[in-house]
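Chemist: What would the 3D arrangement of this be:
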Amino acid sequence: MSWKNLSLGRHKVTRSVCIQGSERQSPSVARYRVNPKVAAFIPVYRESDLLEPLLKDLTSDPYSPKEIFVVVDEPTERCLDVVKRMGKKVRFILNRHRTGKANALNEAAKCSSGEIFLFLDSDLQLNGGTKSFLKKVVDEMQDAEVLDIRKKAIRDSFAARIAHYDYLCTNAVSWLFCKCLGRTVGFNGAAFAVRRKAFEELGGFHQVLSEDLDIATRAFLKDYRFKFAGGIDVSTKVPSDFGKLYRQRRRWGLGFALWTRGYYKELAICFARSPKLILPAILLSCPSLLLMALLILPAPFYYELLIGSMLLTTATFGILLPPMLFTLTGVTLVKNATFSLASFGAFSVLYGFLARKLEFIFNVFEFLFFYFVFCPFWLAIVVLSLLKVCVQPDKVNVEWKY
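Modeler: Take a look at the predicted model:
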């Protein structure tokens, strides 16, 4: 084990430190292996409650050959304790200052001899059961360069149970792109894998706010084969209250807006070529969008005729104004309620089916809150972020290191 500029007695890190827990083998040796070597990369900012259990799952995984890298920016005392306990089995790279997720992962990839790169967030759990999680990843990647792994939310709070359906939406979109196109323009990067050759040809991660969307889009433009691994999954930690969830989604919304501005031409071409795929994907990612469109779009002719006749009658017979106003309000409410209930019922059936197919928990009352509250709230963040990026780009403060 090599130690440089690290004082374990005081737990001080003065610069980047690499703590090597396994012997690295050259790519020329790895090339002739029966099993491809898997390199798992885990970025950490300061510490994570789930880091040590995640590392124990990876180190005890029977698959071989493998190597595990953990890159920690500004490690805490608690994190350094994990380094001491796991340092013989895991390679740690410690940075005193925050270098950012993209830089951290790119530097770790340079130290690896793996043929398949597996990127995992530090706040998740592996759901591999009794079988090898890494072996399943390798098997799924036999016919793909990029692999999206099914992600679920750890349902330990009300906010997490609602956000759980947002993960169902993103997984459904990945499944749709995999089945219909074999490529994808984006995915949630909490857990995914990419072949080393593809990663190097793409130039690794770029210094952007949404590095997962960015690398997925660049892989799409290079026509790399994409696969959604529905047979394996992880569970990720979700902010436990809506205040923290709002701050997370505000950052995600800004990242999405910047990604859209950067690739709008390519996205427009993709939409023009595959409208029958893109439109369902948009509705799957944000089911409330259809309801909002129904409420905003012009009313049918018969409805406008009814309202017009009521207004004309009111103008002719002023005494009828109160009942007519009451009736007009009632008709509008009935129309909106009908649209709302009909769209909610249709999407409940659809997502109930998708939840069963993707092995998600589905509760109609939770989905009710997600559909009418969380989804419009998340859509509003995205729309406001897009407006901010397009109208006032100079005032957008982007801290890609986060």
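
Chemist: Please list all residues in contact with Leu55.
Modeler: Contacts were defined as Cβ atoms under 8 Å, 6 or more residues apart in numbering; by that measure Leu55 touches Ile42, Ile68, Val70, Val82, Met86, Lys89, Val90. Every C-beta, even on glycine, is put in place using the N, C-alpha and C of the backbone.

Chemist: part of a helix, is it?
Modeler: Yes. When DSSP: H, G, I helix; E, B strand; the rest coil is applied, Leu55 is found to be in a helix.

Chemist: where does the stretch 201-350 of the chain have low pLDDT?
Modeler: 293-336 (pLDDT under 70).

Chemist: which stretches of it form helices?
Modeler: Secondary structure of the stretch 201-350 of the chain (DSSP state H, counting those that start in this stretch): helices located at 211-221, 242-262, 264-273, 275-285, 288-296, 301-316, 321-357.

Chemist: Out of the contacts of Leu55, the closest to Ala190 would be?
Modeler: The nearest member of those to Ala190, counting by Cβ to Cβ, is Ile42 at 11.0 Å.

Chemist: how near is the residue lying closest to the closest one once chain neighbours are set aside to Arg196?
Modeler: The shortest distance from Ile42 to any residue that is not its chain neighbour, by Cβ to Cβ, 6 or more residues apart in numbering, is 4.8 Å, and that residue is Val70. Using Cβ to Cβ, to the nearest Å, we find Val70 at a distance of 19 Å from Arg196.

Chemist: Neighbour count: those two, which is higher?
Modeler: Using other Cβ atoms under 10 Å as the criterion, Val70 and Arg196 rank with Val70 on top: 31 against 19.

Chemist: For that one, I want the exact helix or strand it lies within.
Modeler: Using DSSP states H and E, Val70 maps to strand 66-73.

Chemist: residues touching Val194, list them.
Modeler: In this structure, Val194 makes contact with Ile116, Phe117, Phe119, Glu145, Val146, Leu147, Ile215, Ala219, judged by Cβ under 8 Å, 6+ apart.

Chemist: mind putting these in JSON lines, distance to Pro239 and neighbour count included?
Modeler: Compiled in JSON lines, the contacts of Val194 are given as follows (distance: Cβ to Cβ, whole Å; neighbours: other Cβ atoms under 10 Å):
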{"residue": "Ile116", "distance to Pro239": "31", "neighbour count": "21"}
{"residue": "Phe117", "distance to Pro239": "27", "neighbour count": "23"}
{"residue": "Phe119", "distance to Pro239": "21", "neighbour count": "25"}
{"residue": "Glu145", "distance to Pro239": "32", "neighbour count": "21"}
{"residue": "Val146", "distance to Pro239": "27", "neighbour count": "25"}
{"residue": "Leu147", "distance to Pro239": "26", "neighbour count": "24"}
{"residue": "Ile215", "distance to Pro239": "24", "neighbour count": "26"}
{"residue": "Ala219", "distance to Pro239": "29", "neighbour count": "24"}
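
Chemist: ok, of the residues you listed, which one's closest to Asp156?
Modeler: Proximity to Asp156 was ranked across these by Cβ to Cβ; first place goes to Phe119, at 23.8 Å.

Chemist: Doesn't that closest one lie inside a strand?
Modeler: Yes. Going by three-state DSSP, the assignment for Phe119 places it inside a strand.

Chemist: Quick check: it vs Asn397, distance?
Modeler: Distance, Phe119 to Asn397, using Cβ to Cβ: 26 Å.

Chemist: one step back: tell me the strands beside the strand holding Val70, with direction?
Modeler: Using DSSP bridges, the strands paired with strand 66-73 are strand 38-45 (parallel), strand 91-95 (parallel).
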